Structures are given as C-alpha cells and as structure tokens.
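Chemist: Sequence and computational prediction follow.
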Amino acid sequence: MDATFSQASVTLPLQLEGSDAVGCDLPPFSPGDGGRVLSVTLHLSGVLPDRQVAAAIALEELDGAGNPFPRGLRTLLLPPQPGPGRAEVEGPAVRFVLPAELDLNPDGPRRLVLRADAHYVERGESSLLP
C-alpha cells in the first residue's frame with residue numbers, strides 16, 4: 001500500500017429545505033491548517049485471471065497508550081483481470097479525512113495503523129454470489 005498525507009479544508013454554505021437534494025461543485029481551495037487527508041493505494045500481486053477481488057482497507061489511530069480508535073473503513077470491488085496468467089492489480093486511490101479535532105496526540109505526530117484484506121469473490125463463470 002502507498003499512503004500520502006495532505007492538508008485540506010473548504011467551506012461551502014448550503015441550505016436544505018424539506019426533502020430537496022442539492023448538488024454543487026466545490027470551489028478550488030488550498031491546503032490549510034485543519035485536519036489531514038490520507039490517500040491510500042492498494043497494490044495486489046499474483047491475482048488470478050478472470051477473478052473479481054473484494055478488498056477492505058481499515059484505518060485506526062493510536063492514542064498515547066497504544067489503544068486503537070477506528071478512523072474509517074473502505075471496501076473495494078476490483079474487476080477481473082483478463083489474461084492467461086496472474087496479474088499485478090492496483091486499486092483506486094482511497095481517501096480518509098482525519099479532522100484535527102480527533103487528533104489523539106496533539107503534541108506529537110499522529111500514529112496511524114492501516115490494515116488491508118482481500119479475497120476472491122467468484123470463480124470464472126460460476127459466481128459464488130447471488
């Protein structure tokens with residue numbers, strides 16, 4: 001897995017009334033002093049051809065005593081890879097937003113733990129899922 005940090009924040013006031021849905025584009029913004037954004041890319045090796053892969057990436061933050069606190073979970077469904085042999089597969093970038101208010105180590109660096117798991121979800125033409 002590759003991971004990079006960036007700082008970012010933007011505010012866009014919105015009003016929702018009744019059961020209306022509002023769509024909007026965020027304006028361009030620069031990194032700020034708020035929280036952090038962690039961008040993660042999952043790399044899998046030796047993936048069998050014509051098999052879908054379900055993957056999960058979990059993020060935890062450790063406090064000063066080493067106790068973990070969940071910060072996010074993302075699941076991915078990676079499409080089958082064509083070809084006669086095993087393949088190297090890269091998942092899409094996954095972003096976790098880490099608000100400054102949830103920082104467990106305000107006087108030092110944030111201590112984060114990333115966990116990943118991946119499993120095949122089908123075998124060729126006969127899917128194991130309904």
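Modeler: Nice, I can see it. Residues are numbered from 1 along each chain as shown.

Chemist: The helix or strand harbouring residue 119 - which strands sit beside it in the sheet, and in what orientation?
Modeler: Element membership of residue 119, judged by DSSP states H and E, is strand 111-120. Counting by DSSP bridges, the strands paired with strand 111-120 are strand 53-62 (antiparallel).

Chemist: Pull out the buried positions in the partner strand.
Modeler: Using 16 or more other CB atoms under 10 Å as the test for burial, strand 53-62 gives 53, 55, 57-61. All C-beta atoms are positioned from the backbone trio N, CA, C, and that covers glycine.

Chemist: can you list contacts of it?
Modeler: For strand 53-62, contacts defined as CB atoms under 8 Å, 6 or more residues apart in numbering pick out 1, 38, 40, 42, 44, 47, 68-78, 89, 91, 94, 96, 98, 102, 104, 110-121.

Chemist: Pull out the buried positions in the strand holding residue 119.
Modeler: 112, 114, 116, 118.

Chemist: Could you write me a ChimeraX select line covering just the buried ones among the contacts of strand 53-62?
Modeler: In ChimeraX, this line selects whichever of the contacts of strand 53-62 come out buried by 16+ other CB under 10 Å:
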select :38,40,42,44,47,68,71,72,74,78,89,91,94,96,98,104,110,112,114,116,118
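
Chemist: out of the buried residues of strand 53-62, who's nearest residue 85?
Modeler: Ranked by distance to residue 85 (CB to CB), these are led by residue 53 at 15.7 Å.

Chemist: Let's verify residue 106: helix, strand, or coil?
Modeler: Secondary structure for residue 106, judged by DSSP: H, G, I helix; E, B strand; the rest coil, is coil.

Chemist: how about residue 102, phi and psi?
Modeler: Dihedral pair for residue 102: phi -100, psi 10, per degrees, to the nearest 10.

Chemist: got a pLDDT number for it?
Modeler: Residue 102 carries a pLDDT value of 86.

Chemist: I'd assumed residue 63 was in contact with it.
Modeler: No. Between residue 102 and residue 63 there is no contact under CB atoms under 8 Å: 10.9 Å.

Chemist: what sits in contact with each of those two?
Modeler: residue 69.

Chemist: Poorly predicted segments of this structure, please.
Modeler: Residue ranges of the chain with pLDDT under 70: 1-34, 123-130.
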